[in-house]
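J.: Quick one, what's the 3D model for this:
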Amino acid sequence: MCIRDSAHLVRGLLAQGWVGAEFLTLIPGTFGGSVALNAGTKDAWISNILESAVVVTAEGEALELSAQDLGLAYRHSELPPGGIVASGVVRVSSGDVDAAKGRARDDKERRNATQPYKLASVGSTFANPPGDYAGRLIEACDLKGHAIGGARISELHANFFINEGDATAADFLGLMALARHSVREAFGVELRPEVHFVGFDGWAELARLEDALKGGS
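T.: Purely as a prediction, here's the structure:
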């Protein structure tokens, strides 16, 4: 099966009577991205069903790696530097397609009620720290609804940062730096970005912005 985005993968599997991957239906992005971040929900992660993946290295070499080789953990994988997931094999089973579709619908309804699913956003911005939730910590710092430029922390779920139409990367970085600084000061917890930075050193920019906030505290 040709795989593109995660939702396409699930639709293709269900059309052929295979179930077990429907938790991926509402996860945005490509299948390769799901593997790279071990994407998932409160119910399951890609590591629960992934058997192996073909990874193309920065040098152009195609490597077939097992799920164990990939070192999948919470929102983490150990891809070779610059590696891209080209394809993968998932473990599914023949089952009740209607029941699987029902679970996907239930998940969609839950997300619509608790997350700004229909609005443009960067998705879940920070990984949850051990034993807690990033959204809860950000909300506890009274940052729900806070905006910088065209980016705003969702009033529905504080771990979702929304693009209100003209947000820039700098706007989102400003909000991320503010959230990290505020949570660190209030709770001593270090929020780890779940998003990846492409084309620039986002970590260095976050450090610069957080230093400025620290100096103004």
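
J.: so for the helix or strand in which Arg105 is found, what's the average pLDDT?
T.: Arg105 is part of helix 97-114, with elements assigned from DSSP states H and E. Across helix 97-114, the average pLDDT comes to 84.

J.: Determine the set of other helices and strands touching that helix.
T.: helix 6-15, strand 18-19 (3 or more C-beta pairs under 8 Å, 6 or more residues apart in numbering; DSSP states H and E). Using the backbone N, CA and C atoms, a C-beta is placed for each residue, glycine as well.

J.: redo that, cut-off 7 Å
T.: Applying 3 or more C-beta pairs under 7 Å, 6 or more residues apart in numbering; DSSP states H and E, one finds that helix 97-114 makes contact with helix 6-15.

J.: so what secondary structure elements neighbour the helix it packs on?
T.: Helices and strands touching helix 6-15, by 3+ C-beta pairs under 7 Å, 6+ apart, are helix 31-36, helix 97-114.

J.: Repeat the analysis, applying 6 Å as the threshold.
T.: helix 31-36 (3 or more C-beta pairs under 6 Å, 6 or more residues apart in numbering; DSSP states H and E).

J.: what's in contact with the helix it packs on?
T.: Ile3, Ser6, Leu9, Ile46, Ala53, Ser77, Leu79, Val85, Gly88 (C-beta atoms under 6 Å, 6 or more residues apart in numbering).

J.: thinking again about what came up before, residues touching the helix holding Arg105, excluding its own?
T.: Leu14, Gly17, Val19, Glu22, Thr25, Leu26, Tyr117.

J.: rewinding a little: quick one: which two of the contacts of helix 31-36 are the most distant?
T.: Taking C-beta to C-beta as the measure, those reach their widest spread between Leu9 and Leu79, a distance of 18.9 Å.

J.: what about the residue lying closest to Ser182 once chain neighbours are set aside, distance to His181?
T.: Ranked by C-beta to C-beta, 6 or more residues apart in numbering and with sequence neighbours excluded, the top spatial neighbour of Ser182 is Cys141, at 4.1 Å. Distance of Cys141 to His181, computed by C-beta to C-beta, to the nearest Å: 9 Å.

J.: and stretch 70-82, what's its mean pLDDT?
T.: 90.

J.: what's the span of it from first residue to last?
T.: End-to-end distance of stretch 70-82 (C-alpha to C-alpha, to the nearest Å): 14 Å.

J.: what residues are up against Arg192?
T.: Ala127.

J.: give me the beta-bridge partners of it?
T.: Taking DSSP bridges as the rule, Arg192 bridges to Ala127.

J.: just the helices in the protein please.
T.: 6-15, 31-36, 97-114, 134-140, 169-187, 202-216 (DSSP state H).

J.: Run through the protein and note the low-pLDDT ranges.
T.: 1-4, 216-217 (pLDDT under 70).

J.: Could you list the domains of it?
T.: Here the domain parsing of the chain from automatic domain parsing is 6-100, 115-216.

J.: Now distance to Lys108 too, for the ones you listed, in a markdown table please.
T.: As requested, the domains of the chain are exported to a markdown table (distance: least, C-beta to C-beta, whole Å):
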| stretch | distance to Lys108 |
| --- | --- |
| domain 6-100 | 6 |
| domain 115-216 | 8 |
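
J.: the more surrounded of Leu9 and Leu79?
T.: The neighbour comparison of Leu9 against Leu79 (other C-beta atoms under 10 Å) goes to Leu9, with 22 against 19.
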